[in-house]
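In: okay, structure incoming, though there's no sequence with it:
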């Protein structure tokens, strides 16, 4: 059995090498890092720079909650030297996948050390995994990933520290800008409806209320009561805008907006980045995009 | 809670509830009568197979244009018709019977559909394709559902005689008319059309429930063919209404609740149905003894 697997691995490796030879012939091999989804991969890319090669298991616009692992993902995990996960229960599938892939690389929990928020839905209370939506938490993510990289590849310590410091500086600037932009929106108008309850940390950090028709996970289907509650709430509290999100059913949001005469805002990105040509291909672009869309829908 | 608040207020207050009800009624008027014919022709599982068969077409439409009505409808119709005709051709030209070839076609179709949806990368959307969204019916979707119901009723009225004849005595129809073949094809096309409509509101998995459960239940309630069609449609409407009301008050997802209500009506008919329910069986036994 082992021989058959070795042969397959050999073939796969040689296929991979065949594609990679021209690039990697001159430069030293890059440290293979696997992140569970696109936002973590972006953090890792910024901290690791040229020394690492990052693969995201759940790509742009994918939903990490209900992800179906593919055999190629197990292969990536098996080859990885470092695995970056969010934690807080976001990736329910990752433990089994790591076990199945036989990966021996250390696993970095990027959300380690943040102050977790609870989210409740229909009486059930669980941890809210979307901690990266607060830039202060994003900085903790980056520090955790940096430390993980240094522990795995001590030779690169200086590079990782320099990269991370540079990126943390950008995140500081981003946070100041986000706060400045949001200060322009009148506080009473800082409440919106969005399909996916992923902005809890953003709301706490920047004084916004996000009300969602669906609960903690995109796995649950909305009931008539949930939709009715939201329409009543929009009318009663004069909530000015309803937002679509890149991972949930846009038809439901449109129907709510049509009935309550709230504005339909643009796309907010929460769980996944956009493809490279989209408006939110990096974490910083994502936050810019979200704040811009919020400001546009709520300004007057 | 006053009766008005319980049964009427949700629809009076919310347009989305009225739309969901209108959509369910449109589905219930046309689907269950087709289900009656499917059951009497021993093709009860054909509806299920066809519901899966429309998935790759709808998925291709979705891949091309996202969650939009037109492409997904046309794609679903095309895929359903290909599977219906294809399995018929295979059954007539090879050793495989109709049920086996249909099973083969729909399984291929289902796998193809899931694969195509996941090509888009965003796998949450598969759930919306599979489960539909009865609470988010817009004007275009409602018009489509109403149009499908109208076409189905008109076609059923026009084809009623040959369809009933073909159902109860196919060889007699064949001896007096050549309409058997075309009638069969039009009938299957109507089934596909209704499943595609139901797919927008209830999704591929549940659309067939609205067709078959009220029909099976009607079969237990009456022997009379015409009455059976009416009873089936009435039960579909009742299930749609009850499902939405329960979903509204209990906070449970609407699509599955509608089908569960149809299932509840079926279970009631199974026990109390005057034309073949369990209770009637026991009564008849005593009567014969006496």
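Out: Nice, thanks for sending it over. Here the structure is a predicted model, which means the values were calculated and not measured.
In: for residue B:53, see how far away the residue nearest the centre of chain B is.
Out: Among the residues of chain B, the one closest to the centroid is residue B:211, at 2.8 Å (Cα atoms, centre = their mean). Residue B:211 sits 14 Å away from residue B:53, taking Cβ to Cβ, to the nearest Å as the criterion. For the C-beta atoms, the positions are set from N, CA and C on the backbone; glycine is no exception.
In: all helices of the chain, in order?
Out: All of this refers to chain A. Here chain A has its helices, by DSSP state H, at A:2-24, A:38-48, A:71-79, A:94-101, A:135-152, A:157-183, A:200-206, A:224-237, A:250-260, A:283-298.
In: hmm, no, I was thinking of chain B.
Out: Using DSSP H, helices in chain B cover B:3-7, B:9-13, B:15-40, B:44-53, B:55-65, B:69-93, B:98-119, B:124-131, B:139-168, B:170-176, B:180-221, B:225-250, B:254-272, B:278-289.
In: and those helices, which one averages the lowest pLDDT?
Out: If you rank those by mean pLDDT, helix B:124-131 sits at the bottom with a mean of 61.
In: how close does residue B:46 sit to chain A?
Out: Residue B:46 sits 27 Å away from chain A, going by Cβ to the nearest Cβ, to the nearest Å.
In: give me the pLDDT for residue A:93.
Out: Confidence at residue A:93, expressed as pLDDT, is 84.
In: check the one 5 residues further on too.
Out: Per-residue confidence for residue A:98 comes out at a pLDDT of 88.
In: contacting residues for it?
Out: Taking Cβ atoms under 8 Å, 6 or more residues apart in numbering or on different chains, we find residue A:98 in contact with A:77, A:83, A:107.
In: of those, closest to chain B?
Out: Checking these against chain B with Cβ to the nearest Cβ, the nearest one is residue A:77 at 18.8 Å.
In: tell me how many other residues surround the spatially closest residue to residue B:133 that is not a sequence neighbour.
Out: Using Cβ to Cβ, 6 or more residues apart in numbering or on different chains and skipping the chain neighbours, the partner closest in space to residue B:133 is residue A:251 (5.4 Å). Residues contacting residue A:251 under the criterion other Cβ atoms under 10 Å in any protein chain shown number 21.
In: residues touching residue A:251, list them.
Out: Each residue near residue A:251 by Cβ under 8 Å, 6+ apart is listed here: B:67, B:128, B:133, B:136, B:138.
In: residue A:167 too?
Out: Applying Cβ under 8 Å, 6+ apart, the residues contacting residue A:167 are A:43, A:46-47, A:142.
In: buried among those? Make that a PyMOL selection.
Out: Applying 16 or more other Cβ atoms under 10 Å in any protein chain shown to the contacts of residue A:167, the buried members can be selected in PyMOL as follows:
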select buried, chain A and resi 43+46+47+142
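In: would JSON lines of the contacts of residue A:167 with distance to residue A:73 be doable?
Out: Formatted as JSON lines, the contacts of residue A:167 follow (distance: Cβ to Cβ, whole Å):
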{"residue": "A:43", "distance to residue A:73": "19"}
{"residue": "A:46", "distance to residue A:73": "23"}
{"residue": "A:47", "distance to residue A:73": "22"}
{"residue": "A:142", "distance to residue A:73": "24"}
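In: which one of the contacts of residue A:167 sits closest to residue B:261?
Out: residue A:43 (48.1 Å; Cβ to Cβ).
In: roughly how far does the closest one sit from chain B?
Out: 21 Å.
In: was I right to think that residue contacts residue A:144?
Out: No. Contact criterion Cβ atoms under 8 Å: residue A:43 and residue A:144 do not qualify, at 9.0 Å.
In: what is in contact with the two at once?
Out: Common contacts of residue A:43 and residue A:144 (Cβ under 8 Å, 6+ apart): residue A:110.
In: contacts only, for residue 193.
Out: Since no chain was named, I'll use chain A. Residue A:193 is in contact with A:210-213, A:230, A:234, A:239, A:241-243, A:253, A:256, A:262, counting by Cβ under 8 Å, 6+ apart.
In: oops, wrong one, chain B.
Out: So residue B:193 contacts B:77, B:148, B:151-152 (Cβ under 8 Å, 6+ apart).
In: switch to 6 Å and redo it
Out: By Cβ atoms under 6 Å, 6 or more residues apart in numbering or on different chains, residue B:193 lies in contact with residue B:148.
In: what do you get for residue A:35?
Out: Counting by Cβ under 6 Å, 6+ apart, residue A:35 touches A:41, A:44, A:54, A:56, A:84.
In: pLDDT score for it?
Out: pLDDT, residue A:35: 95.
In: any idea how far chain B is from it?
Out: 16 Å.
In: JSON lines for the contacts of residue A:98, including neighbour count and distance to chain B?
Out: As requested, these are exported to JSON lines (neighbours: other Cβ atoms under 10 Å in any protein chain shown; distance: Cβ to the nearest Cβ, whole Å):
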{"residue": "A:77", "neighbour count": "26", "distance to chain B": "19"}
{"residue": "A:83", "neighbour count": "25", "distance to chain B": "21"}
{"residue": "A:107", "neighbour count": "18", "distance to chain B": "23"}
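In: closest to residue B:222 out of those?
Out: Sorting the contacts of residue A:98 by distance to residue B:222 puts residue A:77 at the head of the list, at 60.2 Å, by Cβ to Cβ.
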